[in-house]
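>>> Just the structure for this:
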Amino acid sequence: MASPIRTDAIDTDAVLASLEGLAKLYRALDRLSARQRRLIETADHGSLLRLLQAKQVIVDRLQACQPEVEAAVSAWRDRPEAVPEPDRDRIRALLAEIDGHLNDVMAADTEDAQRLACRRSQAAAQVNQNRRTAQAARAYRRATGSPPAAPRRLNVEDG
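Prediction:
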């Protein structure tokens, strides 16, 4: 006679594997966020776009594994006593690590979005200033009869 199937058993290895995979993805996302900050500060737009594409790949992978992770964590949270103590400690540590990385990435992304918005505002203000200066120069030339000068190009990043 076959032994009855235990419905209360938790596949600890599956829970740990899911969480370790998730933690690995969040570590990578955290590293990319640190690089993102540097690229924003140096205005390396090409590299920043490539980095954002790499971050999107990781986010897509996180979303793809989310149902599996949620099921594993839910099973563990429903019956933590069914998991041996060393594994419980490892699960708790992984959950804390994941939460820490998630918070760090979200905070960094918020700060980076603010930095980019500030730079965009500064660039818009510089463009408006350039426009007003050009208009004033044209008006002055018309008033004085001076020939128009060639437009001068300003580097927005210097301002």
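>>> where are the low-confidence patches of the protein?
Where the chain drops to pLDDT under 70, the residues are 1-9, 121-125, 128, 132, 134-136, 139-141, 145-159.
>>> Now name the helix or strand holding the residue nearest to the spatial centre of the chain.
Taking Cα atoms, centre = their mean, the centroid of the chain lies closest to residue 109, which sits 4.8 Å from it. Assigned by DSSP states H and E, residue 109 falls within helix 85-144.
>>> Who are the packing partners of that helix?
helix 12-42 (3 or more Cβ pairs under 8 Å, 6 or more residues apart in numbering; DSSP states H and E). C-beta here means a position set from N, CA and C on the backbone, and glycine is covered the same way.
>>> buried ones in the helix it packs on?
12, 15-16, 18-19, 21-23, 25-26, 28-29, 32-33, 36, 39-40 (16 or more other Cβ atoms under 10 Å).
>>> Okay, angle between it and helix 85-144 too, please.
Between helix 12-42 and helix 85-144, the angle comes out at 20 degrees (axes from the mean of the first three to the mean of the last three Cα atoms, to 10 degrees).
>>> Which strands and helices lie in contact with helix 12-42?
With contacts defined as 3+ Cβ pairs under 8 Å, 6+ apart, the packing partners of helix 12-42 are helix 45-78, helix 85-144.
>>> what's the angle between the longest one and helix 45-78?
Counting by the same axes, to 10 degrees, helix 85-144 lies at 150 degrees to helix 45-78.
>>> what sits against residue 51?
Contacts of residue 51 were listed using Cβ atoms under 8 Å, 6 or more residues apart in numbering, and they are 32, 35-36, 39.
>>> What separation is there between it and residue 58?
Using Cβ to Cβ, to the nearest Å, residue 51 is found at 11 Å from residue 58.
>>> overlap in contacts of the two?
Counting by Cβ under 8 Å, 6+ apart, the contacts common to residue 51 and residue 58 are residue 32.
>>> one step back: can you redo the contacts of residue 51 as JSON lines with distance to residue 115?
Output for the contacts of residue 51, formatted as JSON lines (distance: Cβ to Cβ, whole Å):
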{"residue": "32", "distance to residue 115": "16"}
{"residue": "35", "distance to residue 115": "14"}
{"residue": "36", "distance to residue 115": "10"}
{"residue": "39", "distance to residue 115": "11"}
